[in-house]
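Enquirer: my questions are about this predicted structure, shown below with the sequence.
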Amino acid sequence: MDFEPWWLISVPLLFGLGWIAARVDFRQMLSETRSMPKSYFKGLNFLLNEQPDRAIDAFIEVAKLDPETTELHFALGSLFRRRGEMERAIRVHQSLLARADLPAADREMAEHELAQDYLKAGMLDRAEAAFTAVQDTRYAVQATRALIRIHESSHEWPQAIAAVKRLRKLVDEPVPQLVHYHCEQAEAALAQQPPALPAARAALDNAEKAADRLPDSHRGQASEARIAMLRAQIAQIEGDESLRCHHLTSILDQAPSYGSLVAPDIMACHHQLGLADQGLERLLTHYQQHPDLDTFNVLFQEKRAREGYEPAWQFVRQALQQHPTLLGLDRVLESELALEHDGQFADFDLLRRIIHRHTRRLDRYACQQCGFEARHYYWQCPGCNGWETYAPRRIEELT
């Protein structure tokens with residue numbers, strides 16, 4: 001390649017242009033730095049020295065001096081919300097929304113942030129209205145999920161179901177709790193006086209459809225058991241003991257872990273049908289495969305009433321050898337004491353009182369997510385509001 005003399009001129013020219021550009025950028029940076037309030041640098045210094053309270057005060061001063069700093073307003077509002085200072089967070093975001101010149105994207109963000117402030121502050125009505133206002137924006141998914149939580153916490157099941165349907169149009173993800181929303185509707189219908197049986201059946205039909213649409217990885221025994229239990233309740237109200245028994249015993253096959261919740265009812269409906277022997281045999285078979293405290297207690301009481309003392313205690317000895325449990329022994333002693341009338345089992349009374357002192361804290365259901373303990377079984381944890389977080393076993397049975 002031939003050498004051109006004009007190349008010697010281009011090199012210093014390019015160098016000079018680069019030097020001029022660097023000087024211009026440096027002067028611009030110095031100009032912008034001088035224009036920034038001193039409070040801004042004070043705030044950064046406080047943050048670096050782990051003094052968040054003083055940093056917040058400094059940044060508030062910056063926001064007052066320069067109301068155009070929208071990013072700083074958002075940062076302050078988020079920081080206030082994380083610290084639990086909800087009134088200040090709400091005021092920051094409301095001040096942003098009050099600006100007529102706020103760009104559309106920033107306005108949507110401010111509305112979404114304000115909705116989160118209301119939600120964390122427990123102002124559910126305002127939070128619902130605020131999240132509804134941003135449902136047609138880029139925050140549609142987050143807003144819809146928040147609305148589901150709001151309707152759920154308020155037990156507004158039709159609205160929660162409608163919100164889940166909207167979420168499905170936005171994202172393809174399973175919502176397992178939808179089954180329970182329909183079951184809650186069924187329970188509400190059955191609680192009416194007189195019970196609204198058609199509405200309860202329709203709700204359970206929808207619950208089954210919702211369960212069928214779930215992928216296998218999200219389908220659990222809890223929804224199967226709950227639907228069957230509610231179907232059995234409807235059959236009992238209508239006086240159809242045979243159908244009630246069918247629904248209850250189906251739980252032993254479809255959701256065996258939840259057999260403990262229906263064992264007493266299974267035995268009762270078999271008695272109503274004159275099939276006590278069949279019911280006892282069915283529960284014995286289930287207990288051998290899926291032992292649990294409630295089925296153990298039902299079997300002992302049934303054997304004690306039908307076969308007498310020795311066969312019942314022989315069952316107890318075998319069962320406790322295979323699955324030792326203080327709660328089981330406590331229930332057995334309680335049943336025996338309820339039968340005696342002449343004080344011949346005084347030693348049982350003393351033994352039972354000693355054991356009962358140690359079993360009271362074990363005779364509870366515990367949430368596997370937050371640890372909330374309760375004497376009654378819940379489909380939704382009262383502590384963390386999680387669904388299907390309670391195992392149908394007492395604490396002692398889980399250890």
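Expert: Looks like it arrived, so ask away. Since the structure is predicted, the reported quantities are computational estimates derived from the model, not experimental observations. Numbers count the residues shown, from 1 in each chain.
Enquirer: rest of the way, CA atoms for contacts and neighbours
Expert: OK.
Enquirer: so what would you say the end-to-end distance of stretch 174-182 is?
Expert: 15 Å (C-alpha to C-alpha, to the nearest Å).
Enquirer: so for it, mean pLDDT?
Expert: The average pLDDT within stretch 174-182 is 94.
Enquirer: and if you look at stretch 145-152?
Expert: Averaging pLDDT along stretch 145-152 yields 95.
Enquirer: which residues in the protein form strands?
Expert: Using DSSP state E, the strands found in the chain span residues 365-366, 373-374.
Enquirer: what strands line up against the last one, and which way round?
Expert: For strand 373-374, the pairing partners within the sheet under DSSP bridges are strand 365-366 (antiparallel).
Enquirer: re the thing from before, highest mean neighbour count out of the strands of the chain?
Expert: Of these, the one with the most neighbours on average (mean count of other C-alpha atoms under 10 Å) is strand 365-366, at a mean of 24.
Enquirer: what residues does that one touch?
Expert: Contacts of strand 365-366 with the rest of the structure, by C-alpha atoms under 8 Å, 6 or more residues apart in numbering, involve Phe372, Glu373, Ala374, Arg375, His376, Tyr377, Tyr390, Ala391, Pro392, Arg393, Arg394, Ile395.
Enquirer: between those residues, which is closest to Asp172?
Expert: Nearest to Asp172 among the contacts of strand 365-366 is Tyr390, at 27.1 Å by C-alpha to C-alpha.
Enquirer: tell me the pLDDT at the closest one?
Expert: pLDDT, read off for Tyr390, is 91.
Enquirer: next one: Arg83
Expert: With respect to pLDDT, Arg83 scores 83.
Enquirer: out of the contacts of strand 365-366, which are buried?
Expert: Buried by 16 or more other C-alpha atoms under 10 Å: Phe372, Glu373, Ala374, Tyr377, Tyr390, Ala391, Pro392, Arg393, Arg394, Ile395, out of the contacts of strand 365-366.
Enquirer: narrow those to those in helices?
Expert: Residues of the buried ones among the contacts of strand 365-366 located in helices (DSSP state H): Ile395.
Enquirer: end-to-end on stretch 252-269?
Expert: From its first residue to its last, stretch 252-269 covers 15 Å (C-alpha to C-alpha).
Enquirer: what comes up buried for that stretch?
Expert: 252, 255-269.
Enquirer: give me the average confidence score over stretch 197-216.
Expert: Mean pLDDT, computed over stretch 197-216, is 94.
Enquirer: and it, how far from the chain's centre?
Expert: Centroid separation for stretch 197-216 versus its chain: 20 Å, with C-alpha atoms, centre = their mean, to the nearest Å.
Enquirer: check stretch 243-260 too.
Expert: The chain centre lies 25 Å from the centre of stretch 243-260; the measure is C-alpha atoms, centre = their mean.
Enquirer: how about stretch 266-279?
Expert: Chain-centre distance of stretch 266-279: 37 Å, with C-alpha atoms, centre = their mean.
Enquirer: mind pulling up the pLDDT for Asn297?
Expert: According to the prediction, Asn297 has pLDDT 84.
Enquirer: and if you look at Ala366?
Expert: On pLDDT, Ala366 comes in at 91.
Enquirer: one step back: now the strands of the chain as CSV including distance to Arg306?
Expert: Below are these laid out as CSV (distance: least, C-alpha to C-alpha, whole Å):
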stretch, distance to Arg306
strand 365-366, 31
strand 373-374, 33
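Enquirer: so which of those comes closest to Glu128?
Expert: Relative to Glu128, the nearest member of the strands of the chain by C-alpha to C-alpha is strand 373-374, separated by 30.5 Å.
Enquirer: other residues contacting that closest one?
Expert: With C-alpha under 8 Å, 6+ apart as the contact definition, strand 373-374 has outside contacts at Arg364, Tyr365, Ala366, Cys367.
Enquirer: what's the pLDDT at the nearest residue to Trp387 once chain neighbours are set aside?
Expert: Residue nearest to Trp387 in three dimensions, not counting chain neighbours: Gln380, with 4.5 Å by C-alpha to C-alpha, 6 or more residues apart in numbering. Gln380 carries a pLDDT score of 92 in this model.
Enquirer: in this structure Gln380 contacts Phe372, no?
Expert: No: applying C-alpha atoms under 8 Å, one finds Gln380 not in contact with Phe372, separated by 11.1 Å.
Enquirer: ok so, going back, contacts only, for the residue nearest to Trp387.
Expert: Counting by C-alpha under 8 Å, 6+ apart, Gln380 makes contact with Gly386, Trp387, Glu388, Thr389, Tyr390.
Enquirer: Ile150 versus that one, what's the distance?
Expert: Distance of Gln380 to Ile150, computed by C-alpha to C-alpha: 15 Å.
Enquirer: with Glu241 instead?
Expert: Going from Glu241 to Ile150 by C-alpha to C-alpha gives 39 Å.
Enquirer: so how far is His218 from Glu184?
Expert: 19 Å.
Enquirer: who's more crowded, these two?
Expert: The neighbour count for Glu184 versus His218, taken as other C-alpha atoms under 10 Å, is higher for Glu184 (21 against 12).
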